[in-house]
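1. Next come a sequence and a model predicted from it.
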Amino acid sequence: MRRFLQSPKLIPLFFALITVLAYGLLLPFTGFYWDDWPFAWAAKFLGPAQFIPSFAGFRPFLGPIFFITTSLIPSNPILWQIFALLIRFLAGLSAWFALNQIWPRYKFQTLITSLLFLVFPGYSQHWVAFTHINQEWIPLIFYLLSFGFTARALRDSKRRVVNSIIALLLLIAGVFPTEYFIGLEPLRFLFIWVMVAEETRGFWPRLIQTLKRGWPYLLIWLVDALWLAYYYRSGVYISYGVTAAQHAPSLGVLLLSFGDALWKAGIYVWVQVLVLTMQSITAPTSLFTFVLIVLTFLLIAFYILHLDLIPSHLLPPGSTFAVPAILIGLIGILLGRVPSLAAGLPLTLQSSYDRFMISMMLGASLFATGLIDLLVRNSLAKTYAFALLIALGVGQQFFNANIFRRDWSRQQDIYWELAWRIPALKPNTAILTDFVPIDYETDLSFTAPLNWMYAPDFHGGDLPYAMIYVNKRLGGSSLSELKPDTAIELPYRTVTFHGSTSQVIVIHAPQNGCLRVLDPLYTGVQAYGKISPTLAALIPLSDPSRIIVSGSPPNLSNPPFPDEPPHAWCYFYEQAELARQGGDWNKVAELGRAAAAQGFVPQDNFEWLPFIEADARTGDLKSAEQITRQVWKDESRLHSSLCMLWERVQAASPKAAQGTLSGLLNELGCK
């Protein structure tokens, strides 16, 4: 068994196991997020070739990567999550390959650094797979391999030219598609310095040799830097609306930003999972995370203790790995922060902005390994420290995966509630709202599945549907003002949505409750004004007649959509809202009774309104009055809506019932 564990052939399998523990346990329950949806929709309906013109005004060298991957992998979220798992595994092996070429005598330290890189806990965006695998991870693998072949060129004089050419080509493939990694190139100079220092004495001779070996890479790097500088200044390079900072930050801001990056990437991220889980220590996610950390720690410690990667006779007296690793790691963290800092973007953890950590991961992993290697002298304690750090990284990534699992589950609710409430939709309809309370989607994200659902035969031309977050778009080029007949224009890569504020429906997706289409006939502006002034301003524009009540329900194909969930309260509510729109009060009342028979009740009292009105209009005044009094007592925001509801009932009732209804209105205090 010991001989089996010591075999170098087992190390890639160990990388694969750690990859699965960190990123694969919840993989079947994750899906598409952020820009995944627009990219997946474009690949499905416009074809892989459209990524070339699509990225021409953003990152022109990125289009070919999307073209190749989308030609091979269909728009299936599970397949993209599996592909992301494979890419992260290959990225870990690429880091291990590169570091082994640079420090061939320190195989233990390079293995640990590569494992820390594999599970680096400061980067939480792994599950935005379609987007980040293409935009960052594939170029990063090229960059890591480029480092490795540079080292090979220096160490193997017979194949120096071949390895150098490979390294230069990989550098081009790594640095040109995205600006994320432009700060990594100085690390190559430091890596070359470390290797040159093994045989060359004196500062100036080392510097001359380093420049001699590194100038071709420096030349390509400078060409890329000049290209980016030109592109930024030309006004063509807009990268999702983000432009370079117009003024250089002050020295104080610069120092604070770099200090923040060093603290977060170098220290805090390694214990972040403990801080997050302690906030809800008894929650199932926290408990599962703790168990996974402990089991992973035991597994890693057991494996590392059986490795024999530090033959003492090969190492010189005193470690020469720790200090260079710490210094290179610190510089790598600082340089990795430069691209996002130059764009004026923050570095916040557990948010989409921690994607900028990807350019700091290698430096942060070197820094952590070097620091522990320097400070912890006992080999057993050092092994346990490294095992704990890797296990904490695995735990953090599992914690992150659960966040994305919940997000995907909430997306399922929204898509099916839309399908139940809106069986079909007239073309050129915009869905307006203030926002949807979900973490990893925007209006652009939701526009893709909206078109996937309601325009399944789209093959080009104007985009038929769009989701618009009014709080974000109002006053801009997409939506100038909230007046009837105001043009709405939403560019969507190579296609555009053209609509009008007279061709919209307004929705509200509460944090706890069912998605609602706001109808000026039934929706009280006063009630929604207390929830959101934006929604109150939008209600008069909402035109539910754009919903085709008798249309065939949309086909939510799997993939990319999940299977239809069991019918709970929101199903009955959405169907009741649809029936109310069609004037079928008997069906609304039947749906209310069916929901009650199964024990379903709303989380949000707003959802009682159609059932109260249906009971009242179909003759069950006792039930309608009983629920009204309870809702009146529990939810003061609904007082005006309840008054409007009973006034509608009174207006539609025969004269014989007028007195009874007037008495109820007086009792409620309606004026």
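-> Noted; the coordinates are in hand.
2. residue closest to the middle of this protein?
-> Nearest to the centroid of the C-alpha atoms of the chain, with distances taken as C-alpha atoms, centre = their mean, sits Val128, at 4.5 Å.
3. my guess is that one meets Trp34, correct?
-> Yes: the pair Val128 and Trp34 passes the contact test of C-beta atoms under 8 Å, sitting 5.0 Å apart. From N, CA and C alone the C-beta is placed, and that goes for glycine too.
4. Identify the contacts common to those two.
-> Counting by C-beta atoms under 8 Å, 6 or more residues apart in numbering, the contacts common to Val128 and Trp34 are Tyr440.
5. gap between Val588 and Met278?
-> Counting by C-beta to C-beta, to the nearest Å, the gap between Val588 and Met278 amounts to 47 Å.
6. for Leu664, same thing?
-> When C-beta to C-beta is applied, the distance between Leu664 and Met278 equals 52 Å.
7. for the stretch 151-300 of the chain, what spans make up the helices?
-> Counting by DSSP state H, counting those that start in this stretch, the stretch 151-300 of the chain has helices at residues 160-175, 185-196, 203-234, 251-266, 272-278, 284-305.
8. Of these, flag the one that's most buried.
-> Taking mean count of other C-beta atoms under 10 Å as the contact definition, the stretch among the helices of the stretch 151-300 of the chain with the greatest mean neighbour count is helix 185-196, which reaches a mean of 20.
9. Name the residues that touch it?
-> Around helix 185-196, the neighbours that count as contacts under C-beta under 8 Å, 6+ apart are 102-103, 146-147, 150-151, 154-155, 171, 175, 206-207, 209-210, 213-214, 217-218, 221, 324, 327-328, 331-332, 335, 362-363.
10. now the helices of the stretch 151-300 of the chain in a markdown table, with distance to Thr69 and mean pLDDT?
-> Formatted as a markdown table, the entries for those read as follows, by distance: least, C-beta to C-beta, whole Å; pLDDT from 0 to 100:
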| stretch | distance to Thr69 | mean pLDDT |
| --- | --- | --- |
| helix 160-175 | 14 | 95 |
| helix 185-196 | 25 | 94 |
| helix 203-234 | 22 | 87 |
| helix 251-266 | 28 | 88 |
| helix 272-278 | 31 | 93 |
| helix 284-305 | 30 | 94 |
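11. will you turn the ones you listed into CSV that also has distance to Pro560?
-> CSV is the format used below for the helices of the stretch 151-300 of the chain (distance: least, C-beta to C-beta, whole Å):
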stretch, distance to Pro560
helix 160-175, 29
helix 185-196, 38
helix 203-234, 33
helix 251-266, 34
helix 272-278, 30
helix 284-305, 25
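12. Got phi/psi on Pro602?
-> The phi/psi pair for Pro602 (degrees, to the nearest 10) reads phi -80, psi 150.
13. same thing with Val470?
-> Here the main-chain torsion angles of Val470 (degrees, to the nearest 10) amount to phi -60, psi -40.
14. Number of residues surrounding it?
-> By other C-beta atoms under 10 Å, the residues close to Val470 number 23.
15. Next, work out how far apart the closest residue to Gln511 other than its chain neighbours and Arg406 are.
-> On the basis of C-beta to C-beta, 6 or more residues apart in numbering, the spatially nearest residue to Gln511 that is not a chain neighbour turns out to be Pro437, at 4.8 Å. According to C-beta to C-beta, Pro437 and Arg406 sit 12 Å apart.
16. More neighbours: which of the two?
-> Neighbours of Pro437 and Arg406, each counted by other C-beta under 10 Å, are more numerous for Arg406; the result is 15 against 10.
17. Quick check: phi and psi on that one?
-> For Arg406, the backbone dihedrals are phi -60, psi -40 (criterion: degrees, to the nearest 10).
18. Could you do Pro562 as well?
-> Given degrees, to the nearest 10, the pair of backbone angles that Pro562 has is phi -80, psi 160.
19. Find the nearest non-adjacent residue to it, please.
-> Once its chain neighbours are removed from consideration, Pro562 has its nearest residue in Gln412; the separation is 4.7 Å (C-beta to C-beta, 6+ apart).
20. Just the pLDDT for the residue nearest to the centre of the chain.
-> The model reports Val128 with a pLDDT of 96.
21. so what's the residue nearest to Gln511 up against?
-> By C-beta under 8 Å, 6+ apart, the contact list for Pro437 reads Ala509, Pro510, Gln511.
22. can you list the domain ranges for the protein.
-> Under the assignment named as automatic domain parsing, the residue ranges that make up the domains of the chain are 2-405, 425-547, 567-671.
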